[in-house]
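Engineer: Okay, sequence plus prediction incoming.
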Amino acid sequence: MIDALSVGGLYALAALGIGLIFGIMRLVNFAHGDLLMMGAYAMFMLAAAAWPLTILGGVVVAILVALVTERIAFRPLRTADPSVLLAASFAVSFFLQNFVLMVMGGRALGVDIVPVLNHHIAWGTLSISLLNLFTIGLSFVLMAALTLFLRHTQIGVNMRAASEDVRMARMMGVRVNLVIAAAFAISGLLAGAAAIVVLGKTGLVLPAMGLRLTLVAFVATVCGGMGSLTGAVIGGYAVGILEVVLGG
């Protein structure tokens with residue numbers, strides 16, 4: 001059960017990042033996993049610092065890359081056909097992976113950002129990983145924080161309005177550019193949080209590390225209903241639980 005909740009929480013975080021952007025822009029951002037990858041490489045480069053600074057630096061880099069890609073790649077194409085936006089997301093993914101390949105090389109690099117998460121605690125006959133407990137807690141906290149943000153802040157309400165009808169929201173005075181930038185920033189935050197978990201589980205960084213998570217998160221988003229954040233969370237947990245149960 002703990003393994004299933006941990007894997008499901010990771011998938012739910014990734015699915016939320018994809019579902020949030022799709023809800024507003026109708027864009028399936030297949031570059032979402034590469035935000036995770038950029039955050040992970042930033043954590044690798046900051047691994048010599050204290051672990052809170054390492055994690056903070058990686059999350060900030062993921063947010064900044066998300067904002068830059070929104071401004072340069074997606075904002076000029078906002079009114080284009082969805083297929084054009086989809087192609088742009090593949091282009092962004094291709095660019096980020098090859099940029100890292102050119103700068104850092106294609107060899108997998110080892111890193112241990114929070115060594116304490118490698119420990120286990122005994123509970124009866126069970127040995128429970130602290131990383132799994134951390135993942136469960138992190139996913140619950142971020143999902144609760146996002147729920148409160150969307151319900152009780154002005155920009156969160158504007159996001160919900162834009163997800164219903166962008167043109168009508170603009171006519172009602174909603175600053176759509178700000179809303180979409182905020183959505184990308186949140187998706188970057190979720191990707192950075194997922195990078196912490198992935199690095200804790202694998203201890204490796206490589207250019208294509210976010211690809212599998214993106215595909216699984218896309219499946220979870222589709223299963224939960226495209227555009228539904230609650231559905232994305234349920235889909236993420238469903239896929240994670242099925243993976244662990246069937247694997248067992």
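Structural biologist: Now that the structure is in, tell me what you want to look at. Numbering: from 1, shown residues only.
Engineer: Can you tell me how far the residue most central in space within the chain is from Ala122?
Structural biologist: Nearest to the mean C-alpha position of the chain, by Cα atoms, centre = their mean, lies Ala191 at 2.8 Å. Using Cβ to Cβ, to the nearest Å, Ala191 is found at 33 Å from Ala122. In short, each C-beta sits where N, CA and C put it, glycine included.
Engineer: helix or strand for the closest residue to the residue nearest to the centre of the chain other than its chain neighbours, which one?
Structural biologist: Excluding its sequence neighbours, the residue lying closest to Ala191 (Cβ to Cβ, 6 or more residues apart in numbering) is Leu35, at 3.7 Å. Leu35 belongs to helix 32-45 when elements are defined using DSSP states H and E.
Engineer: Now do that helix: distance to the chain's middle.
Structural biologist: How far helix 32-45 lies from its chain's middle: 11 Å, per Cα atoms, centre = their mean, to the nearest Å.
Engineer: Can you spell out which helices and strands pack onto that helix?
Structural biologist: helix 2-25, helix 51-69, helix 82-104, helix 176-202, strand 204-205, helix 211-224 (3 or more Cβ pairs under 8 Å, 6 or more residues apart in numbering; DSSP states H and E).
Engineer: which residues sit against the fifth one?
Structural biologist: Translated: strand 204-205. With Cβ atoms under 8 Å, 6 or more residues apart in numbering as the test, strand 204-205 has contacts from 37, 40-41, 43-44, 108-111, 199.
Engineer: so what strands line up beside it?
Structural biologist: According to DSSP bridges, strand 204-205 has the following sheet partners: strand 109-110 (antiparallel).
Engineer: next SSE after the partner strand?
Structural biologist: Next along the chain after strand 109-110, with elements defined by DSSP H and E, is strand 120-123.
Engineer: which element follows that next one toward the C-terminus?
Structural biologist: strand 126-129.
Engineer: Val59 versus Glu164, what's the distance?
Structural biologist: For Glu164, the distance to Val59 - Cβ to Cβ - is 29 Å.
Engineer: oh sorry, the question was meant for Ile2
Structural biologist: Distance from Ile2 to Val59, by Cβ to Cβ: 25 Å.
Engineer: Please identify which of those two sits among more neighbours.
Structural biologist: Val59 (21 against 15; other Cβ atoms under 10 Å).
Engineer: quick one: the spatially closest residue to the more buried one that is not a sequence neighbour from Gly105, how far?
Structural biologist: Leaving out its chain neighbours, the residue that sits closest to Val59 by Cβ to Cβ, 6+ apart is Gly192, at 3.3 Å. Plainly put, Gly192 is 23 Å away from Gly105 if you go by Cβ to Cβ.
Engineer: again, but for His120
Structural biologist: 33 Å.
Engineer: Please apply the same query to Ala185.
Structural biologist: 29 Å.
Engineer: neighbour-wise, which of those two wins?
Structural biologist: Ala185 (16 against 11).
Engineer: check contacts around the nearest residue in space to that one that is not next to it in sequence.
Structural biologist: Leaving aside its sequence neighbours, Ala185 sits nearest to Ile63 (Cβ to Cβ, 6+ apart; 5.2 Å). The neighbours of Ile63, taking Cβ under 8 Å, 6+ apart as the test, are 185, 188-189, 192.
Engineer: Tell me the predicted confidence for Leu46.
Structural biologist: With respect to pLDDT, Leu46 has a value of 92.
Engineer: Run a quick neighbour tally on it.
Structural biologist: Leu46, neighbours per other Cβ under 10 Å, totals 19.
Engineer: Pull the contacting residues for it.
Structural biologist: By Cβ under 8 Å, 6+ apart, the contact list for Leu46 reads 53-54, 57-58.
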